[in-house]
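J.: mind looking at a prediction? Sequence and model below.
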Amino acid sequence: MPLLEVTGLHLFLRGDQGAVQALRHVSFKLERGHALGIIGESGSGKSLTVQTLMGLQPDNASVTGSMLWNGQELVGQSESAWQALRGNRMAMVFQEPMTALNPVHTIGRQVAEPMIRHQGLSRAAALRRATDLLGRVGIPNASARVDDYPHQFSGGQRQRITIAMALACEPDLLIADEPTTALDVTVQQQILDLINDVVAERDMALILISHDLGVISQNVDDMLVMYGGQVVESGPTAALFRHMAHPYTRGLMAARPRLDAPRQPSGKPMDLLTIPGSVPPLRALPRGCTFADRCSFAEQRCFEERPTRVGIPSFQPHEAEYSSLRVHQVRCLRPEAMRPGNTEAWK
């Protein structure tokens, strides 16, 4: 049985002008010991997806579909049931540690709190374990710093503290939402190495969110590429990097800074490639493919028809709501344009 099985997840946001569909057709399975990456631009739906997995979607949201946790349905469960899961069996490392940490409480108290709440430990016992955890995640001289406050630590140290909080109850699933944003490159790698080490050590499942394909390629087994609130490409990470079958995925790769980037005759690096335009607002999604107006490969039908999922490299349609992440799939009307060796190029 999968640890987490999401099938046909849809999320609607109610407003004064009616409901807007923010997520559509999100489906995947996640096994214990496996890592799943979710990548996309800001506004693509990746953070909203994991917020929904944690029961933290906005108050004006309604959710349909299925989210099975060890076979138990999460959609529609009570807030008390969510509270028993959050910070206990599933935990999250947030993008900005200063918003996740309470500035008026010591770090020891904040790391100890989940153990007091979910495991019934005394404050003294929880504080001892919190001190051990802080040492394990790399806080120097943790026993002397357990009574310090968040502002007394560097950005990288604060992120290590939030990781200690997330690990306090030894969860089955760790969700890391852009955990290295605003950190320098050296600290970024240290944080990612720390996350990978604790996930492997405890045989946990991991969901890693990033806008950086490089981070995803090196740290996850499978990946989802999201755009406009839906998954446009999914499958094993190695397969996707071998053959990026959606124009959006290929555009993200082309836009990455590269040390070996071609140079101008003057010796200066060529300008970075960009994907033209921006993610459309949810209230104004195109009738056809949501990426059509930014796509160099779009034909007229791309503006009129909603693409279905097709398998790669078979290019045969998958009509079922869910298919295994171990199968490379793309939601595109022209996947054959992405075949290796095709002469069309990303403009």
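T.: Received, thanks. All of these numbers come straight from a predicted model, not from anything done at the bench. Residues are numbered from 1 along each chain as shown.
J.: just the helices in this protein please.
T.: 46-53, 79-85, 97-100, 107-119, 123-136, 142-145, 155-167, 185-202, 213-219, 237-242, 247-254 (DSSP state H).
J.: low pLDDT regions in the protein?
T.: For the chain, the stretches flagged by pLDDT under 70 are 258-262, 264, 267, 269-270, 314-325, 339-347.
J.: how is it carved up into domains?
T.: Domain assignment of the chain by the TED database yields the ranges 100-170, 237-346.
J.: JSON lines for these, including distance to A81 and mean neighbour count?
T.: For the C-beta atoms, the positions are set from N, CA and C on the backbone; glycine is no exception. Output for those, formatted as JSON lines (distance: least, C-beta to C-beta, whole Å; neighbours: other C-beta atoms under 10 Å):
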{"stretch": "domain 100-170", "distance to A81": "13", "mean neighbour count": "19"}
{"stretch": "domain 237-346", "distance to A81": "24", "mean neighbour count": "16"}
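J.: now those as a markdown table including distance to G71?
T.: Shown next, in a markdown table, are those (distance: least, C-beta to C-beta, whole Å):
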| stretch | distance to G71 |
| --- | --- |
| domain 100-170 | 20 |
| domain 237-346 | 15 |
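J.: of the ones you listed, which approaches D203 most closely?
T.: With C-beta to C-beta, the closest approach to D203 among those belongs to domain 100-170: 10.2 Å.
J.: what sits against the residue nearest to R145 when sequence neighbours are not counted?
T.: In space, and not counting its chain neighbours, R145 is closest to I139: 6.2 Å by C-beta to C-beta, 6 or more residues apart in numbering. By C-beta atoms under 8 Å, 6 or more residues apart in numbering, the contact set of I139 is I107, R145, F153, Q157, R160, I161, A164.
J.: just name the closest of the residues you listed to A337, please.
T.: Among these, R160 lies closest to A337 (C-beta to C-beta), at 44.4 Å.
J.: circling back: the helices of the chain into CSV, with extra columns for distance to M67?
T.: Converted to CSV, the helices of the chain look like this (distance: least, C-beta to C-beta, whole Å):
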stretch, distance to M67
helix 46-53, 7
helix 79-85, 11
helix 97-100, 23
helix 107-119, 21
helix 123-136, 29
helix 142-145, 36
helix 155-167, 20
helix 185-202, 21
helix 213-219, 22
helix 237-242, 23
helix 247-254, 25
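J.: of all those, which one comes closest to F12?
T.: helix 46-53 (11.3 Å).
J.: helices or strands up against the closest one?
T.: Here helix 46-53 touches strand 4-15, strand 18-30, strand 35-39, strand 61-69, strand 173-177, strand 205-210, strand 222-227, going by 3 or more C-beta pairs under 8 Å, 6 or more residues apart in numbering; DSSP states H and E.
J.: can you say which of the ones you listed is nearest to T186?
T.: Nearest of the helices and strands packed on helix 46-53 to T186, taken as C-beta to C-beta: strand 205-210 at 17.3 Å.
J.: sheet partners, orientation included, of that closest one?
T.: Strand pairing for strand 205-210, using DSSP bridges, gives strand 35-39 (parallel), strand 173-177 (parallel).
J.: could you export the first one as PDB, CA atoms only?
T.: What it means is strand 35-39. Provided in PDB are the C-alpha atoms of strand 35-39 (Å, rounded to 0.1, in the frame of the first residue of the first chain):
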ATOM      1  CA  ALA A  35      11.500  11.200  -3.000                       C
ATOM      2  CA  LEU A  36       9.100  13.200  -5.300                       C
ATOM      3  CA  GLY A  37      10.000  16.600  -6.800                       C
ATOM      4  CA  ILE A  38       7.500  19.200  -7.800                       C
ATOM      5  CA  ILE A  39       8.800  22.000 -10.100                       C
END
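J.: now it against strand 4-15, angle please.
T.: 30 degrees (axes from the mean of the first three to the mean of the last three C-alpha atoms, to 10 degrees).
J.: got the angle for strand 35-39 vs helix 46-53?
T.: Between the axes of strand 35-39 and helix 46-53, defined by the same axes, to 10 degrees, the angle is 130 degrees.
J.: list the buried ones in strand 35-39?
T.: A35, L36, G37, I38, I39 (16 or more other C-beta atoms under 10 Å).
J.: chain neighbours aside, what residue packs nearest to the fourth one?
T.: Closest residue to I38 in three dimensions, ignoring its sequence neighbours and counting by C-beta to C-beta, 6+ apart: K46, at 4.4 Å.
J.: coming back round to it: closest one of the buried residues of strand 35-39 to H211?
T.: I39 (6.5 Å).
J.: leaving out chain neighbours, which residue sits closest to R301?
T.: The spatial neighbour of R301 that comes closest, neighbours along the chain excluded (C-beta to C-beta, 6+ apart), is L333 at 6.1 Å.
J.: please report how far that neighbour lies from G155.
T.: 43 Å (C-beta to C-beta, to the nearest Å).
J.: again, but for S78
T.: For S78, the distance to G155 equals 37 Å [C-beta to C-beta].
J.: same check, this time on R145
T.: Taking C-beta to C-beta, one finds R145 at 16 Å from G155.
J.: dump the residue contacts of the residue nearest to the spatial centre of the chain.
T.: Nearest to the geometric centre of the chain sits I209, at 2.5 Å (C-alpha atoms, centre = their mean). Applying C-beta under 8 Å, 6+ apart to I209 gives the contacts G37, I38, I39, K46, S47, V50, I175, A176, D177, E178.
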